[in-house]
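The sequence isn't on hand, but the structure is:
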């Protein structure tokens, strides 16, 4: 088990409350303010989404404020979603990826978002009404719950997506076990997340701001692979995208600039942290 997941080193309830409080503040921000200094945050959400491969058509129908610049990838693009499927988004925030997925699964499909922050669920449900008016689709649903213990039935979901969220969990092995539980046999996972190429300095690991910003909660790439396999998932594929981290520091994200100061001289944040795509399937 990875060090970050050990009960001896992590007060899980404390971590959850810090993350919950951080994201409650993000949810309360004005719709166009972005989320710099938060998980994968930036003051220019649309620029970030375009860089990650979201199309103009996908962004055009999003409710105002659904895209808060919290992405580190584009999981719906690699999930190969099909009309009529049920897709689940872990840590759905304001609903950004849920709305993108909802258009892909269509009227006969369903897109479900789970988030542990009540303020985010409230925001997402408001956004859902705007989405329905813009698209005619009423196939989205948002549920309050923790991603370690999903409020979803066993073997009920065709695909699971998650965008820069699993790194926030203090019990990542349980996240992987529970997502495997709710997947149908043959169901698939498409996750974008932050991961470590090597361990961060202790000062960064202990930073509350870095925790809410995903970086301090990230684990080594090999640990993520081990947790997914231990949960019973197969056909694992991992793709690293360190250029995403470089682009964030180029945009002068305040959190990442602060972390850089704690790194050894001439080190880049991408020497330690990478964006990562993980795909897998439940046998």
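Looks like it arrived, so ask away. Predicted, not measured: the structure shown is a model, and the values here were computed from it.

Any stretches of this protein with poor pLDDT?
By pLDDT under 70, the weakly predicted segments of the chain are 1-10, 30-43, 203, 206-214, 216, 248-256.

quick one: buried residues of stretch 146-166?
146-148, 150, 152, 157-166 (16 or more other CB atoms under 10 Å). Where you see a C-beta, it was placed from the backbone N, CA and C, and this is true even at glycine.

ok, so of those, who is nearest residue 101?
residue 161 (6.5 Å; CB to CB).

Identify the bridge partners of that closest one.
residue 89, residue 190 (DSSP bridges).

Next up, the contacts around it.
Residue 161 sits next to 75-76, 79, 87-90, 97, 101, 189-191 when contact means CB atoms under 8 Å, 6 or more residues apart in numbering.

So which of the buried residues of stretch 146-166 is the closest to residue 221?
Among these, residue 166 lies closest to residue 221 (CB to CB), at 12.8 Å.

That closest one contacts residue 195, correct?
No. Using CB atoms under 8 Å, residue 166 is not in contact with residue 195; the gap is 9.6 Å.

where along the stretch 51-200 of the chain do the strands fall?
Applying DSSP state E, counting those that start in this stretch to the stretch 51-200 of the chain gives strands spanning 86-90, 110-115, 140-144, 157-163, 183-196.

any chance of these in CSV, plus distance to residue 230?
CSV is the format used below for the strands of the stretch 51-200 of the chain (distance: least, CB to CB, whole Å):
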stretch, distance to residue 230
strand 86-90, 18
strand 110-115, 22
strand 140-144, 26
strand 157-163, 17
strand 183-196, 14
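
So which of those strands is nearest residue 277?
Relative to residue 277, the nearest member of the strands of the stretch 51-200 of the chain by CB to CB is strand 183-196, separated by 5.5 Å.

Do a quick rundown of the helices in the stretch 101-250 of the chain.
Taking DSSP state H, counting those that start in this stretch as the test, the helices found in the stretch 101-250 of the chain are 118-135, 172-182, 202-205, 208-212, 221-230, 242-250.

Please report how far the residue of the chain most remote from its centre lies from residue 273.
Distance from the C-alpha centroid of the chain, by CA atoms, centre = their mean, peaks at residue 265 (30.2 Å). To residue 273, residue 265 is 18 Å away according to CB to CB, to the nearest Å.

repeat for residue 96
Going from residue 96 to residue 273 by CB to CB gives 22 Å.

Give me the more crowded residue out of the two.
Ranked by neighbour count (other CB atoms under 10 Å), residue 96 and residue 273 place residue 96 first, with 29 against 26.
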